[in-house]
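In: need coordinates for the below:
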Amino acid sequence: MASNAPEKVIVALDWTPNCNHLGFYVAKDAGLYAAVGLDVRLLSPHDPEYAGSYVQDAATNGSYVTPCSKVAAGEAQFAINSPEGVVGWNTAPGRPALKAVAALLQDRNTSAIA
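Out: Numbering: from 1, shown residues only. I've put the predicted structure just below:
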């Protein structure tokens, strides 16, 4: 029998929740994700599960966690990042290719990554 449980989706944010993320929070609060069977979690870099975000420390073996690395590791399905962050990620050797799927702001440098 098929499950009616909502599909879990994690979106790794690029910074502390701010006005650039407002649409995601409004949609969640309004139940728009739930209405189409999605259980969306918005993951801020300040969340404990985002340990090492933008900071190199012993817990991250000298690397640091970024929105792109969360998607590449399978720890998020989508991420918010700047276009140059996606280019930097995709041009570094040994990393899986990620794809920019949307521009979130008309006149700023933020993209959704999958």
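
In: where does the chain dip in pLDDT?
Out: Scanning the chain for pLDDT under 70 picks out the ranges 1-3, 52-63, 107-114.

In: would you list every one of the strands in it?
Out: 7-12, 38-43, 78-81, 100-103, 111-113 (DSSP state E).

In: ranking those by burial, who's on top?
Out: Highest mean neighbour count among those (mean count of other C-beta atoms under 10 Å): strand 78-81, with a mean of 25. The way it works is simple: take the backbone N, C-alpha and C, and place the C-beta from them, glycine included.

In: packing partners of that strand?
Out: strand 7-12, helix 67-72, strand 111-113 (3 or more C-beta pairs under 8 Å, 6 or more residues apart in numbering; DSSP states H and E).

In: was I right about Val9 contacting Gln77?
Out: Yes: using C-beta atoms under 8 Å, Val9 is in contact with Gln77, at 5.1 Å.

In: hang on, the earlier thing: export the helices and strands packed on strand 78-81 to CSV and tack on distance to Pro45?
Out: Conversion of the helices and strands packed on strand 78-81 to CSV gives the following (distance: least, C-beta to C-beta, whole Å):
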stretch, distance to Pro45
strand 7-12, 8
helix 67-72, 8
strand 111-113, 15
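
In: so which of the strands of the chain is nearest Asp29?
Out: strand 38-43 (10.9 Å; C-beta to C-beta).

In: how far does that closest one sit from its chain's centre?
Out: 10 Å (C-alpha atoms, centre = their mean, to the nearest Å).
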